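Q: 3D model of this:
(one chain, ligands or ions: 2)
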Amino acid sequence: MAAQTVASTPDAATSANPSASTLSAASTGSVDLGPAAALSCRECGHRVPLGPVFACEECFGPLEVAYDFSAYDTEELRARIEAGPANIWRYAPLLPVPADVADKPNINPGWTRLVKAENLARELGVDPGRLFVKDDSGNPTHSFKDRVVAQAIEAARAFGFTTLSCSSTGNLAGAVGAAAARAGFRSCVFIPHDLEQGKIVMAAVYGGELVGIEGNYDDVNRFCSELIGDPAGEGWGFVNVNLRPYYAEGSKTLAYEICEQLGWQLPDQLVVPIASGSQLTKVDKGLRELIELGLVEDKPYKIFGAQAEGCSPVSVAYKAGHDVVRPQKPNTIAKSLAIGNPADGPYVLDIARRTGGAVEDVNDEQVVDAIKLLARTEGIFAETAGGVTVGVAKKLIENGLLDPTLTTVVLNTGDGLKTLDAVAGTGLTATIRPSLDSFREAGLA
Ligand SMILES: *Cc1c(COP(=O)(O)O)cnc(C)c1O
Ligand SMILES: [Zn+2]
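A: Ligands and ions are numbered 1, 2, ... in the order given. Below is the predicted model of the structure:
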């Protein structure tokens, strides 16, 4: 299978790739995206200069950013990172951004908390010292999407775009709206018209244009692809289409932060949500880079993918032993993960199999139970995507695929305030008169 060889090949980060050192950002001319050297095809390895392109001209495979990290000394790099700002720009030397990125108007996401989840661990029957939740609800627009948009906006600046756009399942729309407002771009984003109210408001409040499309996310995505090819879309940077190679790199920062917060160590197991699969593939890329750069000790790690049963094309393919992912029509409360035709699905399958992980899914009831479990044990209110990862972690422990004695990090990628409907049944314990009698009558004394 073609995807296998590509996904398991280290990136151009290794000096083993001779072209990496000959192509530097400087030699591509006007574009300064720091250590980013070129775009390289994940299928055939064909390299092209940095630009707003996303598909290989040779084989139509997806392009990704290749780097030249050859000049870095491990200990100098570690010291530079540790002295950096408490946001993703501490990792600027490893990202496709100019060196002075931290000085530009940006919403500066990242460096979110890694919570040692001892109470949750006890409930799940795992080693209480070794279960962690990486809580990305703490980002500026309350989801992990701020990480990826922050990369895309730097690429948009470099390529001279003036309008930022995207197709979104909700969180991305908010992240683009906020980042565009702060950086002085026009924004015009497209979402399925029936999203959660919280996500619509969170996207609209930043003042950009927000367009509801009558259809599901896959329809929205198709529409955006048409718009890119049309004069109406000229000068537009679509963060997850023509800027996708840059956008995707933002997910590496999750891997960097987790390892640094663990004291520059790899976790043994990670549970990562899957929408398009981009985040999971770049978390893996980030971990491999840290190993190649000598910033962490090389050891095996397992990556587990998490989906909702109502949109589980990757999980279904994984369990059936397939290499291809058959599209589904999504029907789940986990709308931020409801991508029925995930672009990175085959790469996710590779990574789960190569690392010894798995892909699993939980139903909507289990998602809600997991949201409540995380809230009641750790005081973390996750959106439905977090219910999916926690629910899947629980299921993987029960079916023996996740080792309860090893260091495990479960990602919560969004804030429960955005998906209040999911826990709509939760409310008042009692309503009483403002009197002690009434308090006692209600059985609360
Ligand atoms: C977008 C998103 C993801 C991951 O999306 P990918 O397309 O797989 O990168 C995960 N969680 C939340 C809350 C998201 O909004
Ligand atoms: Zn190619």
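
Q: got the domain boundaries for this protein?
A: Per automatic domain parsing, the structural domains of the chain span 2-67, 114-142+251-423, 145-247.

Q: any part of the last one near ligand 2?
A: No: using C-beta under 5 Å from the ion, we find that domain 145-247 stays clear of ligand 2, coming within 12.8 Å at best. Just so you know, the C-beta spots here come from the backbone N, C-alpha and C atoms, and that holds for glycine as well.

Q: quick check, that domain touching ligand 1?
A: Yes: counting by C-beta under 6 Å from any ligand atom, ligand 1 is contacted by domain 145-247 at Lys145, Asn171.

Q: and the end-to-end length of that domain?
A: Domain 145-247 has an end-to-end distance of 9 Å (C-alpha to C-alpha, to the nearest Å).

Q: for stretch 432-445, same thing?
A: End-to-end for stretch 432-445, by C-alpha to C-alpha: 13 Å.

Q: then stretch 106-122?
A: First-to-last distance for stretch 106-122 - C-alpha to C-alpha - comes to 40 Å.

Q: buried residues, that stretch. List them.
A: Going by neighbour count (16 or more other C-beta atoms under 10 Å), the buried part of stretch 106-122 is 106-112, 114-115, 117-121.

Q: can you add pLDDT and give those residues back as TSV?
A: Formatted as TSV, the buried residues of stretch 106-122 follow (pLDDT from 0 to 100):
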residue	pLDDT
Asn106	93
Ile107	93
Asn108	96
Pro109	98
Gly110	98
Trp111	98
Thr112	98
Leu114	98
Val115	98
Ala117	98
Glu118	98
Asn119	98
Leu120	98
Ala121	98
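
Q: okay, those residues in TSV with distance to Leu436 next?
A: Below are the buried residues of stretch 106-122 laid out as TSV (distance: C-beta to C-beta, whole Å):
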residue	distance to Leu436
Asn106	53
Ile107	48
Asn108	49
Pro109	48
Gly110	49
Trp111	47
Thr112	43
Leu114	44
Val115	38
Ala117	38
Glu118	37
Asn119	32
Leu120	36
Ala121	39
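
Q: so which of the residues you listed sit within strands?
A: Leu114, Val115 (DSSP state E).

Q: ok, so of the buried residues of stretch 106-122, who is nearest Val189?
A: Ile107 (15.5 Å; C-beta to C-beta).

Q: name the nearest residue to the closest one, ignoring sequence neighbours.
A: Pro140 (4.4 Å; C-beta to C-beta, 6 or more residues apart in numbering).

Q: kindly report the same for Leu243.
A: In space, Leu243 comes closest to Ala152 once its chain neighbours are excluded; the distance is 4.4 Å by C-beta to C-beta, 6+ apart.

Q: for the one you found, what are its contacts?
A: Shown in contact with Ala152 (C-beta atoms under 8 Å, 6 or more residues apart in numbering): Leu164, Gly237, Val239, Asn240, Leu243, Tyr246, Tyr247, Gly250.

Q: what about the second one, which helix or strand?
A: To tie it back to what came earlier, the one meant is Gly237. Assigned by DSSP states H and E, Gly237 falls within strand 236-238.

Q: pLDDT (mean, whole number) over that strand?
A: What strand 236-238 shows for mean pLDDT is 96.
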